[in-house]
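# Next come a sequence and a model predicted from it.
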Amino acid sequence: LVGISTDHARRLSLAYGVSVRKVWNGIDLQMYSPPPEGSKRNGRLLWLGRYTPEKGALDAMQLAKRLRMPLDCYGDTRMVIDPAYMDRCRQEADGIIVRMFPGVTREKTVALYRTYRALLHPHQWNEPFSLVLAEAQACGLPVLTLDLGAAREVVSHEKTGYVCQDLNEIERVLKSGCLSNIKSQDCVAWAQQFSVQNMAAGYLKLFERVRAGHSW
C-alpha cells in the first residue's frame, strides 16, 4: 500500500496492520502558477470545493458573515449528496458578504486562485492530501485551514498560510491581519515540491525497490 501523505500512510497502516509507504500527490505546475508580476488581488476570501459538511462550506460562510469579510464560494451544485445542506448554504449566501457560485472549469479555477486574497478551507475531515491547498499555494494564494489529515504537510504554517486548531483560531487569524505577512512568492516556492514530476519519481523509486527485492 502507498499513502498520498505521511498522515494518510499512517492511518492506512493502523487500519490494516501493514507497512505503508508514502508518495505525495502531485499537481501540474505548468497550469497552477502565479499571476503576472504586478497583478492585484480583489480582497475577497475564496472557498472552493464540494458543498458538503466535510468540506466546511457552511462553516466558511457563517464565519465570513460574522466577521463581515467578503467570501466567494465555488462548488458543484448538480451532484449533491445532501440537498438539505445545499439549501442551508443557499440561505446563508446573501449575495453581498457571501456569494455562492456553481462549479467552474480547471482553467477558471486557476484564475480564481490568482485573483483572491486567501483560500478559506475549514475542512471537517482527515483529508489524505487536499489538492486544493497545493493548487492555491502554487498560484501564490495564502491558505487558512484546520489541522486535520495532511494539512500540516501541505501547508507551511505561518509561512504559506495558517493551520489552525479550530474555527475560533481561524477567526483570530483573520481578525489579526497577519495574513498580510504571508508572501506570495513563499507560497509558490513551497508548492514546487508537489509537482507531478516529483510524484512520478516517488512511485518509480518504490517500483525500483520492489524490482530489487526490497518490498514492504
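Arrived safely. Numbering: from 1, shown residues only.
# Chain neighbours aside, what residue packs nearest to Tyr116?
Excluding its sequence neighbours, the residue lying closest to Tyr116 (Cβ to Cβ, 6 or more residues apart in numbering) is Leu46, at 3.9 Å. Every C-beta, even on glycine, is put in place using the N, C-alpha and C of the backbone.
# show me what contacts that neighbour?
71-72, 74, 112-113, 115-120, 136, 141 (Cβ atoms under 8 Å, 6 or more residues apart in numbering).
# which SS class is Arg99?
strand (DSSP: H, G, I helix; E, B strand; the rest coil).
# now Asp76
Criterion first, three-state DSSP; result for Asp76: coil.
# Look at the nearest residue to it once chain neighbours are set aside and tell me its secondary structure.
Excluding its sequence neighbours, the residue lying closest to Asp76 (Cβ to Cβ, 6+ apart) is Gly103, at 3.9 Å. Three-state call for Gly103 (three-state DSSP): coil.
# Now Gly103. Its backbone dihedrals?
The phi and psi values for Gly103, taken as degrees, to the nearest 10, are phi -70, psi 160.
# Now do it: how many residues are near it, please.
Residues near Gly103, counting by other Cβ atoms under 10 Å, number 16.
# Quick check, it in contact with Cys73.
No. Checked against Cβ atoms under 8 Å, the pair Gly103 and Cys73 is beyond contact range at 10.6 Å.
# Check the spacing between the residue nearest to Asp76 and Val143 real quick.
20 Å (Cβ to Cβ, to the nearest Å).
# Next, the contact list for Arg106, please.
Per Cβ under 8 Å, 6+ apart, neighbours of Arg106: Met31.
# repeat for the one 3 residues further on
For Thr109, the residues meeting the contact criterion (Cβ under 8 Å, 6+ apart) are Leu48, Tyr74, Glu135.
# which element follows the helix or strand hosting it toward the C-terminus?
Assigned by DSSP states H and E, Thr109 belongs to helix 106-113. On the C-terminal side of helix 106-113, the nearest following helix or strand under DSSP H and E is strand 118-121.
# So for the spatially most central residue of the chain, what's the pLDDT?
Centroid check for the chain by Cα atoms, centre = their mean gives Leu133 as the closest residue, at 2.4 Å. We have a pLDDT of 98 for Leu133.
# Contact partners for it?
Leu119, His121, Val143, Thr145, Ala151, Val154, Val155, Gly161.
# What's the separation between it and Gln185?
17 Å.
# Leaving out sequence neighbours, find the closest residue to Lys65.
Computed as Cβ to Cβ, 6+ apart, the closest residue to Lys65 that is not its neighbour in sequence is Ile97, at 5.3 Å.
# Out of the contacts of Thr109, which is nearest to Leu14?
Glu135 (28.5 Å; Cβ to Cβ).
# what about the closest one, how many neighbours?
Residues lying near Glu135 (other Cβ under 10 Å) number 25.
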